[in-house]
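# Here is a sequence together with a model predicted from it:
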Amino acid sequence: MSHIPDELRYAVSHEWVRDNEDGTITVGISDHAQALLGDLVHIELPDVDAEFGREDGIAVAESVKAASDIYSPMEGRVTEVNENLIDEPELVNADPYGDGWLFTMEVEDIDMLAALMDAQTYADGLEDQDEG
């Protein structure tokens, strides 16, 4: 079973969100998502100051298996990207919830975090997928 930190929120498309408690969020992909993708060889990150709506394609993760779109979990403006991933995309595989974060966003409405899944709901959804 994948590691799923309790303090984060999760999107159906397997992005995780950390509330930085200053009107910004940090976003990455879940342990489950990185495991499905396999060894990452390239991450296409969004531009700083670019604005995205909820569920807009915002980044691309390329592995030896496939390329997969990453979606914006909330509406907002990108404030920072993890430039370490340019030379070390494997950080997402090694530490998806820490050094493998993707970007931060200033969000339009922080209360929309409640629309994302908590850890238990996300875990239950993964179990349902495994059984299906």
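Here it is on my side, so go on.
# Identify the bridge partners of the closest residue to G57 other than its chain neighbours.
Using Cβ to Cβ, 6 or more residues apart in numbering and skipping the chain neighbours, the partner closest in space to G57 is D69 (4.7 Å). Placement of C-beta: from N, CA and C, glycine included. Beta-bridge pairing for D69 (DSSP bridges): V60.
# shouldn't D69 be in contact with V60?
Yes: between D69 and V60 there is a contact under Cβ atoms under 8 Å: 5.9 Å.
# any idea of the pLDDT on M1?
M1 is assigned 51 on the pLDDT scale.
# 32 is where my numbering starts, stick with that
Fine by me, first position is 32 from now on; the one you just mentioned is M32.
# Tell me where this protein has helices.
62-68, 115-118, 122-125, 150-162 (DSSP state H).
# Would you mind giving these as CSV with mean neighbour count added?
Listed next are these as CSV, based on neighbours: other Cβ atoms under 10 Å:
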stretch, mean neighbour count
helix 62-68, 19
helix 115-118, 14
helix 122-125, 18
helix 150-162, 12
